[in-house]
Every structure is written in structure tokens, then in C-alpha cells.
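S.K.: Provided below are the primary sequence and the corresponding predicted coordinates.
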Amino acid sequence: MNTSPPNAEAGLKPAPDWRNPWHLLAFGLGSGGVPIAPGTAGTLAAVPLYLLLAPLGSTVYLLVLLVMFLFGIWLCDKVSRDLGVHDHGGIVWDEWVGFLITMLWAPSGWLWVLLGFLLFRLFDIWKPWPIGYLDRHLSGGLGIMLDDVLAGVYSLLLLQILVHL
């Protein structure tokens, strides 16, 4: 009996079950379901969440970020197992966390949101060392989350340098 997810034999990535709340969350409330550049769409979908969290102060922001990271390890692992694909391109919860890391301590204003968005996408796509290494060698939910966390840290550092210039 074939236990492969639908479309797996044809080389297609299986689609999430949009009725499943875990799939909906992992796919960034559907933003990761776009056919082209789901990571970019997922990061864009994280902007409203950032705008809601930013006024709450650093302590609350960091607490939410920590909870999202820890929950994301479980969530990304579960959904990738459900779909039978490690780090399915549509899973963008990790992009949400990475973008929120980027924007930690960012000044208010759309210029900073745009710069943070562009920097995060740059590092998430480019994957300089050790991001690319970790992306290739870590599996499971932690592997899915960690490369975006590091891309967020790189982006955070560069954004803070730009803020102080």
C-alpha cells in the first residue's frame, strides 16, 4: 500500500489541509500558500503582527517572540510530518519569527519596516554561513526554525547598525 502524501509521487509538494488549524498557522494564515515566493508572502503577512506587537514594549515583544519560537519548533515539525516534506516552502511560521527578530528594537516608521523586510528576505534567501549549513544539516522543527532565526539575528544586527548611523 502506498503511504505517500497525494502528489508526492509526481514530485509535487502536497497541499496543506486548510481546515486544519495547525496547517493554517504554519502556512502563515494562508500566506505561504501562494504559488510564487511563499517566503516573501509569508514575511509580508508578518508585518501586521509586528505592527500590533511593537507598541507593547520590549518585554512583551520578547516574551511573544520566545513563545512563537518554541511553539514554532513543534508546529513546523508537526506540519512538515503531516505533509511528508521537510521544510515545505509554504511553511512560513519560521519567516514570521525571523522577521519579528529583525524588527526587535527597530524605530517606528515605514522606512524601518521596509528595511527590516528587505534585510530579512536578503539573509533568508542568501543564507550566509552558518545559516546555509544549518539549513542543510538540521532536521525537524528546530532545523526549520533555526535558519530563519539566524537570518533574523543577522538582519537585526545590520538594521541596528543602520539605525545608529
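M.R.: Yes, it's here.
S.K.: low pLDDT regions in the chain?
M.R.: 1-11 (pLDDT under 70).
S.K.: now the helices for it?
M.R.: Taking DSSP state H as the criterion, the chain contains helices spanning 21-26, 38-53, 58-83, 93-102, 110-126, 131-137, 140-164.
S.K.: Report the buried residues of the fifth one.
M.R.: The one in question is helix 110-126. In terms of neighbour count (16 or more other Cβ atoms under 10 Å), helix 110-126 has its buried residues at Trp112, Val113, Leu115, Gly116, Phe117, Leu119, Phe120, Arg121, Phe123, Asp124. (Glycine included, C-beta is placed from N, CA and C.)
S.K.: quick one: contacts for the fourth one?
M.R.: Translated: Gly116. Counting by Cβ atoms under 8 Å, 6 or more residues apart in numbering, Gly116 touches Phe99, Thr102, Met103, Ala106, Ser155, Leu159.
S.K.: Neighbour-wise, which one of those leads?
M.R.: When neighbours are taken as other Cβ atoms under 10 Å, the top entry among these is Thr102 (33 neighbours).
S.K.: ok so, going back, in a markdown table, list the contacts of Gly116 along with distance to Ser31.
M.R.: Below are those laid out as a markdown table (distance: Cβ to Cβ, whole Å):
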| residue | distance to Ser31 |
| --- | --- |
| Phe99 | 12 |
| Thr102 | 17 |
| Met103 | 17 |
| Ala106 | 21 |
| Ser155 | 19 |
| Leu159 | 22 |
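S.K.: I figured Leu100 was touching Phe69, is that so?
M.R.: No. Contact criterion Cβ atoms under 8 Å: Leu100 and Phe69 do not qualify, at 9.1 Å.
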